[in-house]
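Novice: model this:
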Amino acid sequence: MIHYAQPYEVFFKYYSSLGVPVSGAAGSLSACVSKDGGAATPITGAITEPFAATAPGLYRFTLSETETTADSIAWFAKDVANIIIGYGSEQTQRSTLGSNLNDIADAILRRSIASVETSSIGDTVSLNSLLGAVLIHINGQQIQCNATQTECYLPIKTLGGSLLGSIPLRVVNGNIVGDCGCT
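Specialist: The predicted structure is shown next:
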């Protein structure tokens, strides 16, 4: 799976016309990428043969973040005679909050929760009208706040639901503004 705007490694096998793997040809190969059906352009990275001793003829190149900034990606590799020796295409997948904890924290810290939030399941919660503990859903995650809504945290869980930790948050005038310093 290719993730939108993320590096992606491509592997392909190069065979001679006799069906024998061709090894040692990385310097004479080239590859191109097409984004969303546009014109094919040369890749920015190099083609290598990372496993020449154990898998001769298996070549690799990496599509850069820029080269995967599209909804669909097509690539092809060719030899010095311009004969296509490998090709592929795939749809990219976009991530709503990013794939790591820093991206999630950044997205949450920039989000205003001043008056009303709509969760991913369609419930609406008014922060200014609730008393006691408040649960707010952001992209399926629950932000939990104290009664005065000045200290909140986002639990970070595995796909299986095990708690890994949490991100402590501070709320000022209904906006999440940063780390509250609490535990």
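
Novice: burial count for the nearest residue to residue 50 once chain neighbours are set aside?
Specialist: Nearest residue to residue 50 in three dimensions, chain neighbours excluded: residue 60, at 5.4 Å (C-beta to C-beta, 6 or more residues apart in numbering). Just so you know, the C-beta spots here come from the backbone N, C-alpha and C atoms, and that holds for glycine as well. Neighbourhood size, residue 60 [other C-beta atoms under 10 Å]: 16.

Novice: could I have the CA atoms of the helix or strand encompassing residue 60 written out in CSV?
Specialist: Taking DSSP states H and E as the criterion, residue 60 maps to strand 58-63. Presented in CSV, the C-alpha positions along strand 58-63 are these (Å, rounded to 0.1, in the frame of the first residue of the first chain):
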residue,chain,number,x,y,z
LEU,A,58,16.3,-8.0,-7.8
TYR,A,59,16.4,-4.2,-7.9
ARG,A,60,15.0,-1.5,-5.7
PHE,A,61,14.2,2.2,-5.8
THR,A,62,12.3,4.5,-3.5
LEU,A,63,9.6,6.9,-4.6
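
Novice: helix or strand right after it?
Specialist: The helix or strand immediately downstream of strand 58-63 is strand 72-78, counting by DSSP H and E.

Novice: next secondary structure after that next one?
Specialist: Heading C-terminal from strand 72-78, the first helix or strand you meet, by DSSP H and E, is strand 84-93.

Novice: for that following strand, packing partners?
Specialist: Counting contacts by 3 or more C-beta pairs under 8 Å, 6 or more residues apart in numbering; DSSP states H and E, strand 84-93 packs against strand 2-3, strand 8-13, strand 72-78.

Novice: just to revisit the earlier point, if the residue nearest to residue 50 is in a bridge, with which residues?
Specialist: residue 11, residue 48 (DSSP bridges).

Novice: hmm, residue 52 and it touching each other?
Specialist: No. Between residue 60 and residue 52 there is no contact under C-beta atoms under 8 Å: 11.1 Å.

Novice: okay, the residue nearest to residue 88 when sequence neighbours are not counted and residue 24: tell me how far apart.
Specialist: Take residue 88 and drop its neighbours on the chain: the residue closest to it by C-beta to C-beta, 6+ apart is residue 75, 5.8 Å away. Residue 75 is 22 Å from residue 24, where distance means C-beta to C-beta, to the nearest Å.
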